[in-house]
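> the sequence and its predicted three-dimensional model are supplied below.
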Amino acid sequence: MQTKKLINDGAKAVDEMLLGVLAAHPRHVRALEGSPRSIVARHAPRPGKVGLVVGGGSGHEPTFLGFVGKGLADACAVGNVFASPPPDPIIECAKAVNGGAGVLFTYGNYAGDVMNFDMAAEMLAMDDIEVRTVLTTDDIASAPADQRHKRRGVAGNFFVFKATGAACDRMLSFDECERIARKANDHTFTMGVALAPCSLPQTRRPNFELGEDEMEMGMGIHGEPGVTRGPLKSADAVADEIIDRIFGEMVPSRGDRVAVLVNSLGSTPLMELYILNSRVAQRLADAGIQTHATWVGNYCTSLEMAGASITLHRLDGELQDMLDHPCDCAMFRAG
Amino acid sequence: MQTKKLINDGAKAVDEMLLGVLAAHPRHVRALEGSPRSIVARHAPRPGKVGLVVGGGSGHEPTFLGFVGKGLADACAVGNVFASPPPDPIIECAKAVNGGAGVLFTYGNYAGDVMNFDMAAEMLAMDDIEVRTVLTTDDIASAPADQRHKRRGVAGNFFVFKATGAACDRMLSFDECERIARKANDHTFTMGVALAPCSLPQTRRPNFELGEDEMEMGMGIHGEPGVTRGPLKSADAVADEIIDRIFGEMVPSRGDRVAVLVNSLGSTPLMELYILNSRVAQRLADAGIQTHATWVGNYCTSLEMAGASITLHRLDGELQDMLDHPCDCAMFRAG
Amino acid sequence: MTTIDTARLVAMFAAIAADISADRDRLCALDGVIGDADHGIAMELGFAAARDAVAGLDPAAADPTTIFNTAAKSFLNAVGASSGPLYATAFMRAGAAVKGKAELEDADVVALFRAMAKGIQDRGKAEAGEKTMIDAWLPAAQAMGDAAGAGTDLAGALAAAADAARAGAEATKDMIAGKGRSSRLGERALGHMDPGAASAVTVIEAMRRSLAG
Amino acid sequence: MTTIDTARLVAMFAAIAADISADRDRLCALDGVIGDADHGIAMELGFAAARDAVAGLDPAAADPTTIFNTAAKSFLNAVGASSGPLYATAFMRAGAAVKGKAELEDADVVALFRAMAKGIQDRGKAEAGEKTMIDAWLPAAQAMGDAAGAGTDLAGALAAAADAARAGAEATKDMIAGKGRSSRLGERALGHMDPGAASAVTVIEAMRRSLAG
Ligand SMILES: Nc1ncnc2c1ncn2[C@@H]1O[C@H](COP(=O)(O)OP(=O)(O)O)[C@@H](O)[C@H]1O
Ligand SMILES: Nc1ncnc2c1ncn2[C@@H]1O[C@H](COP(=O)(O)OP(=O)(O)O)[C@@H](O)[C@H]1O
Ligand SMILES: [Mg+2]
Ligand SMILES: [Mg+2]
Ligand SMILES: [Mg+2]
Ligand SMILES: [Mg+2]
């Protein structure tokens, strides 16, 4: 039996989605002529501004394309479901947003994305467009702390994109934008948990199996297995386990400031997310950590997967400044 | 077997959710002391301003409490899951936001809500707080057009609240605010479709059954059966059926302007919503109707139910003005 | 003829709460078919709150009216929903009907049922035949009055009330709903018992056992 | 010894596409266990695009290099993902390896396999034993070269390559992954075949059938 989806044809789902996005957000984004998988901000390019190109597989909406807009990403290269975009749309995005000050690629650390974005960067170099890359590696479940460069990028993308987009929007130098992107990534820690699988539009079959009372800690945002599988726990126990692991890495001190993201992987509703957040807030308060801002909702999803992730973004003055910088995107506004 | 949820105790889910909401949105909302189910905007009350109180059962987040904030609702009375709040929190909300210019109750037309809000209004009258009520009745699937007063209020709440909140924020008179609320409701048409049930946190059992390849047209936002049950259709067919029914009532002419809401009932992801929207946009364009603004996402949910609804809000100059009025709420920003 | 004191009424609320709690999942399932699947939860919450509130009263100071008013308020605030105002109004009217009494005699119990049915009807504006709890409560109150009028003893009258409630709930299967969530269903509601009528049977049956000697 | 003309290469891409399409769901299922469940989709898309693109070339004007370059480009743009750059690079290197030839002789086929394996390795930087498609492609290219060096005919050498690929894919079950999505799984990847190695077997087997005269 196939899973139920409101689609027309699995093979056309991504392109039809993009038509719907363009129809809904004409003031924020456009598709490049001849390159429909290149979604570019209305206001881009801006001369002298570092261009920020994000991208990755589809199925994580509002990540990545929802973060295209003023003050955040200038363009997004859109891949098939859970598949990196090929180099072409990435190249077109970079050309379209190049303001002469360099183009920054920021995306999640996955083999496929790295190969495709690197191929794009090589080809852009031949056109004298300077590209630098900052990979997001916030998923603390995906490799030990001393191998941070091997970690996946998951919901914490949100904070890295936000900081980087702000830096670019403020016309900081290429070096500064890159430095801030790396710092934002270093300051971001995420872990997720999955309760039920999603299914790809092309197969409409659950992409993994979980026992009726099981959950998977550390689940990736494409249904890749996480770190441990065990019986379903309470919201408080899940929040505690995640916060404990994040604290173990972030090593917070009293008086620290953080921003929080409690993210649904798809079908976990706001009620459950806010219950998680109530525990997160309590843990932060108990540790003497100040919460500067909190986002709760669907920010980095895996289609209709059930589950959630918690991200802490440790702030210093600069990162807080970037976080508070206003942005106005297709699917996200802040500041 | 119980459904999986990230909760601690079904009986405490609503109150724990509220703690999480207050922790996440301290700049927007507060709970009234002694009345934790009364969520009030930070800026309320404002002298001379009509107070807008919304409310209803929990489980529809971000409806209702997410729409509390500057420029929209002043307060929300929060009920148990899918259950109207009792009169007490409603009364406290009304007292807290009363600026001396009257208090408007706007909420979905359900027997339980009507009884509880009416009881509250009666008791407030004894305290010389004048209350008027505008019920939302946008669900065209729930009664024939000549019995509009019997219809349910569903996702179209969003537009009614938005217009009414703007009218109140602009310090219009009680009469004007009420008139605009009624007009906004009269101009709003919604229909939904469900693909899979949700489950209540207290029972963790699916609240209805649907065959493996069935969908229900006209499903209410509490899992109440809709109008017809049949085999799952394509996104285009679903959008067409809904748009046809809405056009049948709205009787649009070329040159009309509308705002659109494509809403997830919970677990239907953005990809599917945008696919629906691509068809909606095409139908509107074909009919010569101008789309002034579109919202796509989780706006009025039924916990983790799978499905979606489409709402058209027909604009005239006044309603467009109200729609464009800025608002800044716990879970929603516009303008 | 024994009279019913406040302790018996307190025990009655405990009995209703226990029976409704045992019935919770069936009531949710019935509500799932034609409503929103929460009726068992609302009733369980409401009667648990009423039970606790009346158990917390000072038995020396509380008269039946206080018991019923306390039950009304606590039920309402715990529940909201449709059941909240309906049962809260029923209990407030019950309290008014026995005002001034220290203990209840047979005729008071008859009045109590009538007042409860009337309260539900005044609050919800449902007529008989609209597939609501009224279709259990009205015949129950009616049967109780008829039996008492015909000289039947309290136990017999209560049994008649419970039988009439059961028959009334059964009859809701053949009704199209005129009130409540299922009123939007038209013919699709046919064949299904109204959950509020079903729970009314459970409530009335628990009241029968508690009040019949 | 017969040579392989462009028509045969076009037919080869059609054969791979057909076999991969038939294999799609198994590959997705394998990827579901240790990856993101889309490998069959990516491969199906990629080879369908390659098949269509090379079928659309003017057979008179196209040489083998053009065939492979066209396949590379179309595969890459249809897929992205990991498979896209890996197979695209494999085909670009294949094209370079047969540059200037109008038809392929036995030695060219050997060179082609070696170039494809090398291309995948250059692009993905995977070593043997890291549980990737390399663990099928490297032994296949090696076995092919060894067999040809030992004087085996093309059919025999291709059969040796296919056997080696199968053995290599089988061996990935005992590996912990060093590259790709499953590299975050550690020991949990043990016991499961790498989907990219599995699909490599299908590709190589289809190439064997198409190229072995
Ligand atoms: N207007 C009304 N008058 C009498 N009973 C009503 C009315 N509206 C609803 N009911 C009763 O309430 C029951 C549903 O109660 P419940 O599930 O607790 O509330 P809700 O419908 O708010 O979820 C229905 O089965 C019906 O018996
Ligand atoms: N660096 C690499 N070198 C060689 N092969 C790789 C590499 N990374 C991934 N692979 C192969 O790609 C396969 C997965 O391909 P696919 O599912 O199409 O892409 P994705 O992982 O992007 O979803 C893996 O099974 C593995 O064989
Ligand atoms: Mg993939
Ligand atoms: Mg309810
Ligand atoms: Mg109900
Ligand atoms: Mg994959």
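Nice, thanks for sending it over. Every value quoted in this text rests on a predicted model; they were computed, and no experiment measured them. Residues are numbered from 1 along each chain as shown, chains lettered A, B, ... in the order given. Ligands and ions are numbered 1, 2, ... in the order given.

> run through the chain and note the low-pLDDT ranges.
Just going to use chain A. Regions of chain A meeting the criterion pLDDT under 70 are absent.

> wait, chain C was what I had in mind.
For chain C, applying pLDDT under 70 flags the ranges C:1.

> in it, which residue sits nearest chain A?
When scored by Cβ to the nearest Cβ, chain C has C:Asp38 as its residue closest to chain A, at 14.4 Å. C-beta here means a position set from N, CA and C on the backbone, and glycine is covered the same way.

> how close does that residue sit to C:Leu154?
Between C:Asp38 and C:Leu154 the computed distance is 34 Å (Cβ to Cβ, to the nearest Å).

> compare those two (neighbour count), which wins?
Regarding C:Asp38 and C:Leu154, a neighbour count based on other Cβ atoms under 10 Å in any protein chain shown identifies C:Asp38 as having more, with 31 against 23.

> return the residues in contact with A:Pro201.
By Cβ atoms under 8 Å, 6 or more residues apart in numbering or on different chains, the contact set of A:Pro201 is A:Lys5, A:Ile7, A:Gly10, A:Ala13, A:Val81, B:Met271.

> okay, and which of those map to helices?
Of the positions in those, A:Ala13, B:Met271 sit in helices, assigned by DSSP state H.

> please, where are all the helices along chain C?
Under DSSP H, chain C gives helices at C:6-34, C:39-55, C:64-79, C:83-97, C:106-124, C:134-149, C:154-171, C:195-211.

> got it, and the stretch 101-250 of chain A?
Under the criterion DSSP state H, counting those that start in this stretch, the stretch 101-250 of chain A carries helices at the ranges A:111-126, A:157-169, A:174-186, A:235-250.

> who wins for proximity to ligand 1 among those helices?
With Cβ to the nearest ligand atom as the measure, helix A:235-250 is the member of the helices of the stretch 101-250 of chain A nearest ligand 1 (25.0 Å).

> got the buried residues for that closest one?
A:Ala235, A:Asp236, A:Val238, A:Ala239, A:Asp240, A:Glu241, A:Ile242, A:Ile243, A:Arg245, A:Ile246, A:Phe247, A:Met250 (16 or more other Cβ atoms under 10 Å in any protein chain shown).

> note down every partner strand of the very next helix or strand once past that helix and its orientation.
Of the helices and strands lying after helix A:235-250 in sequence (DSSP states H and E), the nearest is strand A:257-264. Looking at strand A:257-264 with DSSP bridges, its partner strands are strand A:290-297 (parallel), strand A:306-315 (antiparallel).

> just want the angle from the shortest one to helix A:157-169.
Spelled out, that is strand A:290-297. Here strand A:290-297 runs at an angle of 110 degrees relative to helix A:157-169 (axes from the mean of the first three to the mean of the last three Cα atoms, to 10 degrees).

> residues making contact with strand A:290-297?
Applying Cβ under 8 Å, 6+ apart, the contact partners of strand A:290-297 are A:158, A:255-264, A:270, A:273-274, A:277, A:281, A:284-285, A:315, A:320, A:323-324, B:20, B:23-25, B:298, B:331.

> and chain C, which of its residues are near chain A?
Taking Cβ under 8 Å from any Cβ of the partner chain, no part of chain C reaches chain A.

> from the centroid of chain A, which residue is nearest?
A:Asn157 (3.4 Å; Cα atoms, centre = their mean).

> just want the residue of the stretch 151-300 of chain A that's nearest chain C.
A:Met271 (14.4 Å).

> that residue contacts B:Gly57, correct?
No - judged on Cβ atoms under 8 Å, A:Met271 makes no contact with B:Gly57 at a distance of 11.4 Å.

> can you list residues touching both of the two?
B:Val81.

> measure the nearest residue to A:Ser35 once chain neighbours are set aside to A:Val21 for me?
Nearest residue to A:Ser35 in three dimensions, chain neighbours excluded: A:Glu92, at 4.1 Å (Cβ to Cβ, 6 or more residues apart in numbering or on different chains). Per Cβ to Cβ, A:Glu92 is found 17 Å from A:Val21.

> C:Cys28 too?
C:Cys28 sits 39 Å away from A:Val21, going by Cβ to Cβ.

> show me the contacts for C:Leu185.
With Cβ under 8 Å, 6+ apart, C:Leu185 has these contacts: B:Glu224, B:Pro225, C:Ile34, C:Ile176, C:Ala177.

> before we move on, back to that, could you find the closest non-adjacent residue to the residue nearest to the centre of chain A?
Nearest residue to A:Asn157 in three dimensions, chain neighbours excluded: A:Thr136, at 4.9 Å (Cβ to Cβ, 6+ apart).

> mind listing the residues bridging to that neighbour?
The partner list for A:Thr136 in beta bridges (DSSP bridges) reads A:Gly108.

> follow-up on the earlier one: in TSV: the helices of chain C, plus distance to ligand 4.
Compiled in TSV, the helices of chain C are given as follows (distance: least, Cβ to the ion, whole Å):
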stretch	distance to ligand 4
helix C:6-34	8
helix C:39-55	7
helix C:64-79	10
helix C:83-97	9
helix C:106-124	14
helix C:134-149	18
helix C:154-171	19
helix C:195-211	10
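
> distance to chain D added to those helices, as a markdown table?
Output for the helices of chain C, formatted as a markdown table (distance: least, Cβ to the nearest Cβ, whole Å):
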| stretch | distance to chain D |
| --- | --- |
| helix C:6-34 | 33 |
| helix C:39-55 | 37 |
| helix C:64-79 | 45 |
| helix C:83-97 | 46 |
| helix C:106-124 | 52 |
| helix C:134-149 | 52 |
| helix C:154-171 | 49 |
| helix C:195-211 | 42 |
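
> can you count the residues close to the residue of the stretch 151-300 of chain A closest to chain C?
A:Met271 has 28 nearby residues by other Cβ under 10 Å.

> wait, the residue of chain C closest to chain A touches C:Leu27, no?
No - applying Cβ under 8 Å as the test, C:Asp38 and C:Leu27 come out as separate, 9.0 Å apart.

> which residue packs closest to A:Met271, ignoring adjacent ones?
B:Met17 (4.9 Å).

> that neighbour and A:Gly266: what is the separation?
With Cβ to Cβ as the criterion, B:Met17 and A:Gly266 are 19 Å apart.

> neighbour-wise, which of those two wins?
Using other Cβ under 10 Å as the criterion, B:Met17 and A:Gly266 rank with A:Gly266 on top: 31 against 28.

> which residues does the more buried one contact?
Contact partners of A:Gly266, counting by Cβ under 8 Å, 6+ apart, are A:Cys198, A:Asn298, A:Thr301, A:Ser302, A:Leu303, A:Glu304, A:Met305, A:Ala306, A:Gly307, B:Ser267, B:Pro269.

> what of C:Ile16?
Residues in contact with C:Ile16, defined by Cβ under 8 Å, 6+ apart, are C:Phe47, C:Ala50, C:Arg51, C:Thr202, C:Val203, C:Ala206, C:Met207, C:Ser210.

> from those residues, pick the one nearest A:Glu130.
The nearest member of these to A:Glu130, counting by Cβ to Cβ, is C:Phe47 at 71.9 Å.

> is it true that the closest one touches C:Met12?
No - taking Cβ under 8 Å as the definition, C:Phe47 is not a contact partner of C:Met12, at 10.5 Å.

> any idea how far the nearest residue to A:Phe105 once chain neighbours are set aside is from B:Gly211?
Counting by Cβ to Cβ, 6+ apart, A:Phe105 lies nearest to A:Thr133, which is 4.5 Å off, once chain neighbours are set aside. Per Cβ to Cβ, A:Thr133 is found 49 Å from B:Gly211.

> quick check: A:Asp213 touching B:Thr3?
No - counting by Cβ under 8 Å, A:Asp213 does not reach B:Thr3; the two are 10.4 Å apart.

> of these two, which one has the most company?
More neighbours surround B:Thr3 than the other of A:Asp213 and B:Thr3, with 20 against 12 (other Cβ under 10 Å).
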